[in-house]
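In: pasting the sequence and the predicted model now:
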Amino acid sequence: MSATVLIGSQWGDEGKGKITDVLAEKADCVVRYQGGSNAGHTVEVADEKFKLHLIPSGILYPNTLCIVGNGVVVDMGKVIEELESLQARGIDTSNLRISLKAPVVMPYHKKIDELEDRESHIGTTKRGIGPTYADKINRIGIRICDLLQEPEQLEKQFKKLVECKNRIIEKIYNEEGFDYRIIMQEALEQVNQLKPYLADTSFLIYESIKQGKKVLFEGAQGTLLDIDHGTYPYVTSSHPISGGACVGAGIGPTQISKVLGVAKAYTTRVGEGPFPTELMDQTGDLLREKGAEFGTTTGRPRRCGWLDTVILRYATRVNGMTDMAITKLDVLDGFEKLKICVAYRYKDKLLYEFPETLSILEQCVPEYIEMPGWQEDISSITRFEDLPANAKAYLNKIEEITGVKQCLIAVGAKRSQTIVNCDLFE
Ligand code: GDP
Ligand code: IMO
Ligand code: MG
C-alpha cells in the first residue's frame, strides 16, 4: 500500500508544489483534498514556470491521474482558466478528475469574503474560501452534482440562496447584490464545460490504492492555517493537516502509509496573525529578497523569520509525520550565522509545546540556538554528502529536534534542484 499525504508544516508556501511535482514522477495519482484557489503551488521545470491553484501539481506528467477531491471548494471559472492555460502550453489535461461532491465557489462568496475581511482583518486571499465552506457546513451550499439536476428545481434553489446573500450584501454592507439568473447561467455553462472531468473520485482513489498504485495527497496551505489546529482565527477554513486527506478525498485512515511534512528552511507567513520568529529587520528583508517571498496567489510580500522548531515539532505531532522535506535551503547560503528557535519564553516559563491559545502565543518570545552558516552556493548540489559541513549540521539539528528523517532537500526552485535521500513509495 503506497498512499502518502504531503502537508505544509508551517503557514503555507513551503514549496509543496515543487515537492509534489518531484514525487509525481513516480506517483500514479495525485489528489488535492482541501482548500481551493487560495492555494498557489509553483512548479519549475527547466525554464518553464507553472503556477497551480486548483489543479494538482502532478498535472505535468501525462500518465498521472490528477484528482480534485470532494473536500476542495471549486471555483469552476478558475479551473477552466487553469486548464486553458495549461493546454495552451502543450500540457495534456485529460487525466484530471473533479469530485461531483465538491462545493462550488460562487461570485457572492468572493464578494462576501472581501466584505467580511474588511471587518475581520484576517488578510484572506479573497477567493471566497471561508464563505463557501461556511455554506457547506450550514448545509446550504451548491455542490457540482447539484448543478446537474432539473433546471426548475435548480432555479428555485438559486433564487432563494442569492436573495438571502443579497440581503447580507445590500443591507449590511450597502453594496450591490447579484442577479441569480446570471449566476445560475454562468454556473451551468461552466459545469457543462467541465463535464468530461467530473467523477466519483473517492471510488477512483480507492481503486487506485487497492490496485497497489502510488497515490500522493497534495495538501494545500499548512498546519498552522488549519481551522482547528492552526492559529485561529488567523487560519483558513479547511483542514490542511494530514487527517483532512481522509475526509476531503473519501478514504479511510487505514489506507495511508506515510505523511511527508514539507518545511521551509526558515519561516514565512502571508496575512495577519502571530508569528514568534518574525524578523522585522534587514535579515527579514534579506530572506524575502533572496527567497523571492511574494505570494503566488495574491502577490503580497510574505513575512519572514528564522526557523521555528516548536512549530515543526507541533506539525510532527498533529500530522503524524513520518518523513520531512526541507525546502529553500539555498536561500540560507551566505549567512554568517543562522538561528533556530527551540522553545518559547512565556513570562518566566520556557514552553516547548506550541501554545493552545492565541493570547499566550502572542506573548511568546523565541529562545534561539545559533548555528554557523555556510558561504558556498549549494544550488547545484545533488547529493547530501556534497553539502557544506555547516549545511549538513543545520539539517541534522532539525532532524535531531523533530525526530523525523529528511527524505528530500530542495536547493532551488527547479525540479532538478532536489536531493533525494529515500523512496517515499517503497
Ligand atoms: P507552495 O504553496 O507550498 O507550493 O509554495 P509556493 O509555490 O507558493 O512558494 C514556494 C516558492 O519557492 C515558489 O516560488 C517555488 O518555486 C520556490 N521554491 C521551492 N523550492 C525551492 C527551493 O528549494 N529553493 C528556492 N530558491 N526556491 C524554491
Ligand atoms: P498554499 O497552498 C499561504 C492564508 C491567507 C490568510 C489565511 C486565510 O499556496 O500554501 P483564506 O483565503 O484561505 O480564507 O485566507 O490563510 N493562506 C495562505 N497562506 N499559503 C497558502 O496556500 C494560503 N492559503 C491561504 O493569507 O492569512
Ligand atoms: Mg503557495
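Out: Received, thanks. Numbering: from 1, shown residues only. Ligands and ions are numbered 1, 2, ... in the order given.
In: for A315, see how far away the closest residue to Y33 other than its chain neighbours is.
Out: In this structure, Y33 finds its nearest non-sequential neighbour in G248, 3.2 Å apart by CB to CB, 6 or more residues apart in numbering. Placement of C-beta: from N, CA and C, glycine included. Separation of G248 from A315 (CB to CB, to the nearest Å) stands at 18 Å.
In: and what of Y394?
Out: Distance from Y394 to A315, by CB to CB: 18 Å.
In: do A88 as well
Out: 37 Å.
In: and these two? Which one has more around it.
Out: Between A88 and A315, counted using other CB atoms under 10 Å, the more crowded position is A315 (30 against 8).
In: does the helix or strand hosting that one reach ligand 2?
Out: Here A315 sits within helix 309-319, counting by DSSP states H and E. No. For a cut-off given as CB under 6 Å from any ligand atom, helix 309-319 has no contacts with ligand 2; the smallest distance is 13.4 Å.
In: do that helix and ligand 1 meet?
Out: No. Contact of helix 309-319 with ligand 1 (CB under 6 Å from any ligand atom) is absent, the minimum separation being 13.5 Å.
In: who touches that helix?
Out: For helix 309-319, the surrounding residues in contact (CB atoms under 8 Å, 6 or more residues apart in numbering) are 5, 7, 9-10, 222-224, 226, 229, 241-243, 259, 261, 263, 267, 276, 321, 324, 340-344, 351-354, 398, 401-404.
In: and the pLDDT for the residue in the stretch 151-300 of the chain that ligand 1 sits nearest to?
Out: Ligand 1 sits closest to T296 of the stretch 151-300 of the chain, with a gap of 3.8 Å, by CB to the nearest ligand atom. T296 carries a pLDDT score of 79 in this model.
In: show me the contacts for I59.
Out: Listed by CB under 8 Å, 6+ apart, the contact set of I59 reads 30, 52, 66, 86, 91, 93, 95-96.
In: hmm, back to that, drop anything exposed from the contacts of helix 309-319.
Out: Buried members of those, counted by 16 or more other CB atoms under 10 Å: 5, 7, 9-10, 222-224, 226, 229, 241-243, 259, 261, 263, 267, 276, 321, 324, 340-344, 351, 354, 398, 401-402, 404.
In: so which of the residues you listed belong to helices?
Out: When DSSP state H is applied, those are split such that 243, 398, 401-402 fall in helices.
In: and which of the residues you listed is nearest to ligand 2?
Out: Of those, the one sitting nearest to ligand 2 (CB to the nearest ligand atom) turns out to be G243, at 16.9 Å.
In: local confidence estimate at the spatially most distant residue from the centre of the chain?
Out: Within the chain, E152 marks the point farthest from the mean C-alpha position, 37.6 Å out by CA atoms, centre = their mean. For E152, the pLDDT comes out at 91.
In: please name every helix or strand in contact with whichever strand or helix holds the residue nearest to Y33.
Out: Assigned by DSSP H and E, G248 belongs to helix 243-249. On a contact count with 3 or more CB pairs under 8 Å, 6 or more residues apart in numbering; DSSP states H and E, helix 243-249 meets helix 201-210.
In: is ligand 2 contacted by the helix or strand that the helix it packs on is followed by?
Out: Going down the chain from helix 201-210, the next helix or strand is strand 214-218, by DSSP H and E. No. Under the criterion of CB under 6 Å from any ligand atom, strand 214-218 makes no contact with ligand 2; the nearest approach is 9.0 Å.
In: quick one: work out the angle between strand 214-218 and helix 201-210.
Out: Per axes from the mean of the first three to the mean of the last three CA atoms, to 10 degrees, the angle that strand 214-218 makes with helix 201-210 is 140 degrees.
In: what lies in contact with strand 214-218?
Out: The contact list for strand 214-218, computed with CB under 8 Å, 6+ apart, reads 2-6, 16-17, 20, 23-24, 26-33, 41, 56-58, 205, 208-209, 242, 245, 249, 256, 425.
In: roughly how far is it from the heart of the chain?
Out: Centre-to-centre, strand 214-218 and its host chain are 14 Å apart (CA atoms, centre = their mean, to the nearest Å).
In: what's the answer for stretch 392-412, then?
Out: With CA atoms, centre = their mean as the basis, stretch 392-412 stands 21 Å off its chain's centre.
In: got it, and stretch 91-108?
Out: 17 Å.
In: I55: neighbour count?
Out: Counted by other CB under 10 Å, the residues lying close to I55 total 24.
In: show the pLDDT at it.
Out: 98.
In: OK, contacts around the closest residue to ligand 3 within the stretch 201-350 of the chain?
Out: Nearest to ligand 3 in the stretch 201-350 of the chain, going by CB to the ion, is T296, at a distance of 4.4 Å. Neighbour list for T296: 13, 40-42, 51 [criterion: CB under 8 Å, 6+ apart].
In: on the three-state scheme, it is what?
Out: The three-state label given to T296 by DSSP: H, G, I helix; E, B strand; the rest coil is coil.
In: hang on, the earlier thing: now the contacts of strand 214-218: which count as buried?
Out: In those, burial by neighbour count holds for 2-6, 16-17, 20, 23-24, 27-33, 41, 56-58, 205, 208-209, 242, 245, 249, 256, 425, counting by 16+ other CB under 10 Å.
In: phi, psi of the nearest residue to K136 once chain neighbours are set aside?
Out: Here the nearest residue to K136 in space, its sequence neighbours aside, is P103; by CB to CB, 6+ apart that works out to 4.6 Å. Note on P103: backbone dihedrals following degrees, to the nearest 10 are phi -70, psi 150.
In: isn't P103 up against V74?
Out: Yes. Using CB atoms under 8 Å, P103 makes contact with V74 at a distance of 7.1 Å.
In: so the helix holding G248, near ligand 2 or not?
Out: No. Applying CB under 6 Å from any ligand atom, one finds helix 243-249 separated from ligand 2 by no less than 12.5 Å.
In: what distance separates that helix from the middle of the whole chain?
Out: 14 Å.
In: what about the strands in the stretch 51-200 of the chain?
Out: In the stretch 51-200 of the chain, the strands defined using DSSP state E, counting those that start in this stretch lie at 65-68, 96-99, 198-199.
In: let me know which of those is the nearest to S380.
Out: strand 65-68 (30.1 Å; CB to CB).
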